[in-house]
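1. One predicted model, sequence on top.
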Amino acid sequence: MSSTSNTTTIGTIGAPSRRNTELALLVFAVIIPVFAYINVGLAKEDTVPAGVLGYALGLGLLAGVAHLVVRKWAPYADPLMLPIATLLNGLGLVFIWRLDQEPQITTPQLGGAMAPGQLMWSTLGVALFLGVLIFLKDHRVLQRYTYISMVVALVLLILPVFFPARFGARIWITIPGVGSLQPGEFAKIIIAIFFAGYLMVKRDALALASRRFMGLYLPRGRDLGPILVIWALSLMILVFETDLGTSLLFFGLFVIMLYVATERTSWIVFGLLLSGAGAVAVATFESHVQTRVHNWLNPLELLNGGVTETAQAMYSFGSGGILGSGLGQGYSRLIGGIAPKSDYILATVGEELGLAGVMAILLLYGLLIERGIRTALAARDPFGKLLAVGLAGAFALQVFVVAGGVTGLIPLTGMTMPFLAQGGSSVIANWALVAILLRISDTARRPAPAPAPSTDAEMTQVVRP
Amino acid sequence: MNKPLRRVAIFCGLLVLALLVRVNWVQFVQADELKNDKHNRRVAIERYSIPRGNIIVGDKAVTGSTTTDSGDFKYKRTYKDGPMWAPVTGYASQAFDANQLEKLYDPILTGTDDKLFFSRTVDMFTGEKQQGGDVVTTLDAKAQKAAYDGLKGKKGAVAAINPETGAILALASAPSYDPSSFAGMSDDDAKAYNGLLKKNNADDPMLNRALRQTYPPGSTFKVVTAAAALENGLYTDIDAKTDSPLPWTLPDTRIPLPNEGNIPCENASLREALRWSCNTVFGKISADLGNKKMIEEADKFGFNKEHFTPVRAEASVYPEDNRPQNAMAGIGQASNRATPLQMAMVASAVANGGTLMKPYMVDKLVAPNLNVIQQEQPEKLSEPLKPENAQKLQDMMETVVKTGTGTNAQIPGVTVGGKTGTAQHGENNKDNPYAWFISYAKTDKGTPVAVAVVIEGSDTLRGDIAGGKLAAPIAKAVMEAVVNGNK
């Protein structure tokens, strides 16, 4: 007998919603960045920074409102994701504000102070988060927009080609009066929606209609079509937009979702073969990629007698050591330009919070990713499962590609550290991503509605003759 | 779909794990290497984040620090009498690294040296900021000034040593440079620095001629040749006639070795030969002893190896050579090359009764709290002469100053021994000769100074008179400064 139909004295008992756990964690997620903020102020100016009250109130308000909305509109959602996102976003704001204190990289040419802008984008991000939770009552609605998503995603991915390259990559579109947007960040969510919808319909065909050959299931030619199209597309992004990160993310995401949908290892083999072939082919004629690989293999090499960004980032990590120099006391600004605030923000974490801090941040990301996949496991409908694993996978790939690139594990690709790095598109898109995951997890964990009382369930009366 | 989902979860876990392993590798295993990489600007930032300790001569610091408001660095190095002390201090520049004492004692001066561990730990508890220690040199400010003033307008170098201890008293090089001029990192500093580089400045002012430049030592090397003759028993009585025909032909050739001018060199005694600087006599000694014995004696005086004072001094060279070349090397020509420091060591070994002390220029290192953390002790390097032979050689060198080519170095009331030299160089001697003078001064209290002077002669003067005329007065001034200072 399920607990929901237990109607003795206390009334209906639901599954634990864990909203109070979330609230308790949120308190930490707000307090830690506030302390970090005070710490920077003390290190730089020997005084508690004047803005601390405003910052604490702002972050607390954002977290509080988000919590209330989750409590009301997604009461059974995962309790960990919102606090982790809040903590990362809050710390990111502190790091950006901290780097704003360095006059050398906060000149008007470099866009000046960026923390206020980032705070505004974060607020917009949280607003979008709230919007998704309030208006998206059921994630399965998204299934209706499978093919529209495809079109939108393609437009978003292709659009930057028509805008001039900035910082060596064509990943921006500039809207007069609004500023620059990185459509790739939004594309990753929309593509996950398209893949989830598409694969849910085609998974049986892809999985079953195949011949067995040398232990692998070879897909039929016509099923192979979509994967080849996507492969070609990701290569085109790489060639025309010189954006290694998005191309990798895009293709990796597709392979993961395909694998989950079909349960066929052969798709992974194909995926790896194709991406390998693509990477080699592009690398042979694309100097951009060659440079990245060269820098990766020779991180400390001098360029024109000067130290490269790659080397500066390595020095930051090395100088941070195990415990770091302390917030506000590092020299990650030596990386130069606005890079320390965006792509290289992890180097600041590495130098000022040390190995301990970087590991903590990486574990926070790991936790968020695994909560996403757990949501996929718990989801009851295939669309929800695919969408959740797609979003979590995209997030994981992005974290890996950026953090791996900055620490020199893999060649560097220009992408932003979700929530931490400066960038409006990124922070808004990631808040939306978390919102969708929360919506799926709410649906997954929501107790089944109590069955309507049925006369059949009553004791059968035995009629004696 | 849950089975592949679990695998994806593991895959994502592995991605995060790979990142964790990588940051451990970078921030734990590689950390020290990256932290101290010479291109890591943090090293320089730390170096100039506090006022550096000072380099001290006598009781006065010849360096200082001033605050700057430019860029990364809080403090900038300043120098008092920069050009005069540059061959001793070297430079410490925000943009162009450091050299010599500034570089060698960087950890002490910045206060990061392990020897300062105790003082650092105390500072940590008392909340004091990290401070740099001081480097106290052995130099004599008056001698240095005499040397530097003497070189004014000329190109050359002076090295003076205390023969009894090996302590370096003067180390001057001209033309010199002011390390203050590029201690910062502004465009002006860069301009000043580039203007001093050898490729942009024919005078090469940043060359430390006293330690790093080797010259043919010319006739001053005859002191070593005479020492070899005495030590090997070729001649024992310095006033007895030697077996020295005139003209004398270089062995295995038909080329006669000329003397400078018409001087009495035929069968001249060692004393007379040194007094008049007879090429024939000393050329023949070198030839008679042979290359091997000559190298042996030169090595005992310190030739053929680098000396660390602790600033590195270039190795002087007495070469392995054929017979005629060896005879030429015996009079300080051919491939024979010596640094001014080396020739000062020759004079000091003779003056110190045949014992050569290891030259050094840092007396002690002092912690910020004035505790001495390292004290240098005089150290014997070798014994190139027996005491009685040293006595004979002193006799000869004193004759040179009394009545020979070195009369310009006489100091009233002080016994001075010396030897002039004029080294020819360039193809067919077409370049200006180098004027040399090496000497020592003795008082009734001891032998406080030996000095070597070399002038890259702008004069066209030939003959030993050049060494006596150009170099001897400078040597005299340096010796006087030391002797008077000791009174």
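-> Perfect, thanks for sending it.
2. Now for the chain, the helix or strand with the poorest mean pLDDT.
-> The chain I'm using is chain A. Across the helices and strands of chain A, the lowest-confidence element by mean pLDDT, DSSP states H and E is strand A:216-219, at a mean of 67.
3. I was thinking of chain B, sorry if that wasn't clear
-> Result, chain B / mean pLDDT, DSSP H and E: helix B:465-466, a mean of 64.
4. Please save the CA atoms from stretch A:295-304 in CSV.
-> The C-alpha trace of stretch A:295-304 is given here as CSV (Å, rounded to 0.1, in the frame of the first residue of the first chain):
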residue,chain,number,x,y,z
ASN,A,295,50.7,25.8,-28.0
TRP,A,296,49.3,22.8,-26.2
LEU,A,297,52.5,20.7,-26.8
ASN,A,298,54.8,23.6,-26.0
PRO,A,299,53.0,25.5,-23.3
LEU,A,300,56.0,27.6,-22.1
GLU,A,301,57.4,28.5,-25.4
LEU,A,302,58.2,32.2,-26.0
LEU,A,303,56.5,33.9,-28.9
ASN,A,304,58.4,36.9,-30.4
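5. How far away from the center of its chain is it?
-> From the chain centre to the centre of stretch A:295-304 is a distance of 29 Å (CA atoms, centre = their mean, to the nearest Å).
6. Please work out which residues outside that stretch touch it.
-> If you take CB atoms under 8 Å, 6 or more residues apart in numbering or on different chains as the criterion, stretch A:295-304 is touched by A:308, A:310-311, A:314, A:408, A:410-412, B:37, B:39. For every residue, glycine as well, the C-beta is placed using N, CA and C.
7. How about the one residue in chain A that gets nearest to chain B: what's its closest non-neighbour residue?
-> Here chain A gets closest to chain B at one residue, A:Gly318, 2.3 Å apart by CB to the nearest CB. Leaving out its chain neighbours, the residue that sits closest to A:Gly318 by CB to CB, 6 or more residues apart in numbering or on different chains is B:Leu34, at 2.3 Å.
8. ditto for B:Asp97
-> Ranked by CB to CB, 6+ apart and with sequence neighbours excluded, the top spatial neighbour of B:Asp97 is B:Lys103, at 7.2 Å.
9. do A:Met314 as well
-> A:Pro299 (5.2 Å).
10. Number of residues surrounding the one you found?
-> A:Pro299 has 18 neighbours, counted by other CB atoms under 10 Å in any protein chain shown.
11. measure it to B:Ala441 for me?
-> From A:Pro299 over to B:Ala441 the distance is 59 Å, taken as CB to CB, to the nearest Å.
12. before we move on, the earlier item: you'd agree the residue of chain A closest to chain B is in a strand?
-> No - counting by DSSP: H, G, I helix; E, B strand; the rest coil, one finds A:Gly318 to be helix, located in no strand.
13. Just want the most central residue of chain B.
-> The residue lying closest to the centre of chain B (CA atoms, centre = their mean) is B:Leu211, at 2.8 Å.
14. that older thread, same for the helix or strand that contains the residue nearest to A:Gly318, what does it pack against?
-> Assigned by DSSP states H and E, B:Leu34 belongs to helix B:31-35. Packing partners of helix B:31-35 (3 or more CB pairs under 8 Å, 6 or more residues apart in numbering or on different chains; DSSP states H and E): helix A:309-320.
15. CA atoms only: put the helix it packs on into PDB for me.
-> C-alpha atoms of helix A:309-320 as PDB (Å, rounded to 0.1, in the frame of the first residue of the first chain):
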ATOM      1  CA  GLU A 309      48.900  33.500 -22.700                       C
ATOM      2  CA  THR A 310      49.200  29.700 -22.400                       C
ATOM      3  CA  ALA A 311      52.400  30.100 -20.500                       C
ATOM      4  CA  GLN A 312      51.000  32.800 -18.300                       C
ATOM      5  CA  ALA A 313      48.100  30.600 -17.300                       C
ATOM      6  CA  MET A 314      50.500  27.800 -16.500                       C
ATOM      7  CA  TYR A 315      52.500  30.200 -14.300                       C
ATOM      8  CA  SER A 316      49.300  31.200 -12.500                       C
ATOM      9  CA  PHE A 317      48.500  27.600 -11.700                       C
ATOM     10  CA  GLY A 318      52.000  26.800 -10.700                       C
ATOM     11  CA  SER A 319      52.400  29.900  -8.500                       C
ATOM     12  CA  GLY A 320      49.100  29.200  -6.800                       C
END
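16. Run the angle between the next helix or strand along the chain from that helix and helix A:309-320 for me.
-> Helices and strands here follow DSSP H and E; after helix A:309-320, the next one along the chain is helix A:345-378. Taking axes from the mean of the first three to the mean of the last three CA atoms, to 10 degrees, one finds helix A:345-378 and helix A:309-320 inclined to each other by 90 degrees.
17. next one: helix A:345-378 to chain centre, how far?
-> Chain-centre distance of helix A:345-378: 11 Å, with CA atoms, centre = their mean.
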